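Visitor: turn this into a model:
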Amino acid sequence: MAKCVIFDFDGTISDSIQVFIQAYNSFAAKEGYNQVALEELGDLKKMSIPERCKHLNFPMRNIPFAAPKLYKYIRESQASLPLFPGIKQMLDKLNQHGIHVAIISSNAGDIIENCLKANGIHYVKDILSSKYIFSKDKLIKKLLKQYDYSPKEVIYVGDEQRDIDASIKSGLRVLWASWGYDDESLISGETSKAGVPEDIVEFALKT
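Guide: Coordinates of the predicted model:
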C-alpha cells in the first residue's frame with residue numbers, strides 16, 4: 001500500500017476549467033490576447049502548452065506574471081470551484097486507510113484550501129503551490145524529503161503531461177486522470193490511466 005498520494009488540483013480534483021476560462025478571458029480582454037471560446041475546448045485540450053500559448057497569442061514567458069491576476073479574479077468574484085464527481089469520496093477513503101493525501105499545484109494555496117474546506121475536506125495539510133508551471137518536480141522532492149519518503153512509497157495523480165514529466169523526474173509512479181485538461185493524445189511515458197476516482201483508491205491500496 002502506498003504511504004502517500006500526491007494530487008494535482010485543477011483538472012484532477014477540481015473541475016475548474018469554466019472558472020479559469022472566465023478569469024483568463026477577463027484578463028485577455030484587458031491585455032489584448034485572444035480569448036477562449038467554449039467550442040474551442042476540445043481542440044485546446046489536444047494542444048501542448050506552447051501550442052496553446054501560440055494559438056492565444058499569449059507569450060509563455062508571461063505565464064508567471066499572469067497567474068496572480070487570474071487568482072485575484074477568482075478571489076474577488078468568489079467563484080466556486082466544484083469537485084469532480086466521486087472525488088470527495090475517494091479522498092475520504094484514502095484518508096480513512098491512513099494514506100497521506102497531499103496536493104501540489106500551480107494554483108494558489110488559499111484558493112485550494114478554501115475549495116477543500118467548502119467541500120468538507122479538512123485533513124489535507126500539505127498544499128504546495130508554485131507559479132512556475134514546469135517546476136513541480138522540485139516541490140515533489142521537497143515533500144519526499146520532509147517526510148522521508150522513498151519514491152516507491154508515493155504516487156502522483158495528475159491530468160497533464162507536465163504532471164507526468166515531473167513525476168518521472170522524481171522517480172514516482174504516476175496515474176493520469178483521464179477526465180482532466182489534457183487529451184489522451186498528449187499523454188506519453190510510463191503512465192497508468194485512472195478512468196474513475198475509485199481506480200485511484202484501488203491502485204493506492206494495491207501498491
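
Visitor: just the strands in the chain please.
Guide: Applying DSSP state E to the chain gives strands spanning 4-7, 100-105, 126-129, 154-158, 173-177, 192-194.

Visitor: turn the ones you listed into TSV, columns for mean pLDDT.
Guide: Listed next are the strands of the chain as TSV, based on pLDDT from 0 to 100:
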stretch	mean pLDDT
strand 4-7	98
strand 100-105	98
strand 126-129	96
strand 154-158	97
strand 173-177	95
strand 192-194	93
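
Visitor: pop the domain breakdown of this protein in here.
Guide: 4-15+83-206, 17-77 (automatic domain parsing).

Visitor: going by neighbour count, list what's buried in the helix or strand bottoming out on mean pLDDT in the chain.
Guide: The weakest-scoring helix or strand in the chain, judged by mean pLDDT, DSSP states H and E, is helix 63-77 (a mean of 90). By neighbour count on 16 or more other CB atoms under 10 Å, the buried set for helix 63-77 is 63, 66-67, 70-71, 73-74. All C-beta spots, glycine's among them, are computed from the backbone N, C-alpha and C.

Visitor: do I have it right that Gly109 meets Ile127?
Guide: Yes - with contact defined as CB atoms under 8 Å, Gly109 and Ile127 form a contacting pair (4.9 Å).

Visitor: of the two, who's got more company?
Guide: Between Gly109 and Ile127, counted using other CB atoms under 10 Å, Ile127 has the larger neighbour count: 19 against 15.

Visitor: specify the beta-bridge partners of the more buried one.
Guide: Here Ile127 shows beta-bridge partners Ile103, assigned using DSSP bridges.

Visitor: check contacts around it.
Guide: 102-103, 105, 109, 112-113 (CB atoms under 8 Å, 6 or more residues apart in numbering).
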